[in-house]
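Peer 1: Structure for this input, please:
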Amino acid sequence: MTKLQKLPNPATGLISDTLDHFSLTKATLAKACQVSGGLISDTLSGKKRISTELALRFELALGIRAGLILDLQQEHEIAILRNQIIPKLEKDVATLV
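Peer 2: Model prediction:
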């Protein structure tokens, strides 16, 4: 496991920080988003990815743009993959430009 994998996803960190800032619970967020508390817990703990639909639900409930949530998540995933596979890819992929 890389150091990046141990770091929290900045998207879930943003959501958690927003909940903390407004003294909201995961249960309150789940109810507002009309999803299960388990889904919120699994998502914020990093066990599940944030789906596009869930990002839109977070946007409506918390006012955080869905695009920002998904961009943060994707950049985090790219950083993890880059760290894991770039050494192998550098051997296999020819540089063209």
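Peer 1: hmm, who's touching the helix or strand where Gly13 lies?
Peer 2: Gly13 belongs to helix 10-21 when assigned by DSSP states H and E. Contacts of helix 10-21 with the rest of the structure, by C-beta atoms under 8 Å, 6 or more residues apart in numbering, involve 24-26, 28-29, 43-46, 50, 58, 62, 64, 68-70, 72-73, 75-76. Placement of C-beta: from N, CA and C, glycine included.
Peer 1: residues of it that come out buried?
Peer 2: Going by neighbour count (16 or more other C-beta atoms under 10 Å), the buried part of helix 10-21 is Pro10, Ala11, Thr12, Leu14, Ile15, Ser16, Thr18, Leu19.
Peer 1: number of nearby residues for Leu29?
Peer 2: The number of residues packed near Leu29 is 22, by other C-beta atoms under 10 Å.
Peer 1: Offset the numbering so it begins at 515, please.
Peer 2: Fine by me, first position is 515 from now on; the one you just mentioned is Leu543.
Peer 1: Cheers, nothing more for now.
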